[in-house]
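[1] Model the following, please.
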Amino acid sequence: MNQVILIGRLTADPELRFAASTGRAVTNFRLAVDRPFSKEKKTDFFRVVVWGKQAEAVAKYLRKGSQCAVNGSVQIDQYTDRDGNTRYSTDIVANQVEFLGSAGGGSSRREESDSDNTYEGSNDMDSDFPLVDDEDIPF
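    Take a look at the predicted model:
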């Protein structure tokens, strides 16, 4: 079984692009996750890849500092660099991204009109992301 669940904060704004061959949306971002049991505060940084409608929602609603939960799998790729050296890349391929909070407790990137308050997603491995007003959170 290859499954990972991470909760952390984005280290930069997510990067949305579209696959040249299929036109499918893909978003990459880095997630900072604190190690809870270390004597001194340590943080791990994970590269996360998300596809499809979820990728578009992540790019639209998350930004640097936003908190989210990622459920996915670890993918390790091998490639050869320009100098002929073998390199490895470790990514988390997200099956689900859940929005937990905005950066610094403020409002999210979405500051357009109220018509943007809902996200219409598809049912194929993509999830709907209900928006939560920070004023409704009791803590």
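
[2] Grab the nearest non-local neighbour of residue 96.
    Nearest in space to residue 96, with sequence neighbours left out and distances taken as CB to CB, 6 or more residues apart in numbering, is residue 71 at 4.4 Å. Every residue, glycine included, has its C-beta placed from N, CA and C.

[3] Return the residues in contact with the one you found.
    Contact criterion CB atoms under 8 Å, 6 or more residues apart in numbering gives 3, 4, 5, 94, 95, 96, 97, 98 as the residues in contact with residue 71.

[4] can we see that at 10 Å?
    If you count contacts by CB atoms under 10 Å, 6 or more residues apart in numbering, residue 71 has them with 3, 4, 5, 6, 92, 94, 95, 96, 97, 98, 127.

[5] number of nearby residues for residue 99?
    Here the neighbour count serves as a burial measure; for residue 99 (other CB atoms under 10 Å) it reads 19.

[6] Quickly list what it is bridged to.
    The bridge-partner assignment for residue 99, based on DSSP bridges, gives residue 68.

[7] Would you map the helices across this protein?
    Ranges of helices within the chain are 52-61, based on DSSP state H.

[8] mind listing the strands in it by residue range?
    For the chain, strands defined by DSSP state E occupy the ranges 4-10, 15-18, 25-34, 43-51, 67-80, 86-101.

[9] what's the most buried one of the ones you listed?
    With neighbours defined as mean count of other CB atoms under 10 Å, those peak in mean count at strand 25-34, which reaches a mean of 18.

[10] returning to what we had before: closest to residue 61 out of the strands of the chain?
    The stretch from those with the least distance to residue 61 (CB to CB) is strand 86-101; that distance is 6.2 Å.

[11] Return the list of helices and strands in contact with that closest one.
    For strand 86-101, the elements it packs on are strand 4-10, strand 25-34, strand 43-51, helix 52-61, strand 67-80, judged by 3 or more CB pairs under 10 Å, 6 or more residues apart in numbering; DSSP states H and E.
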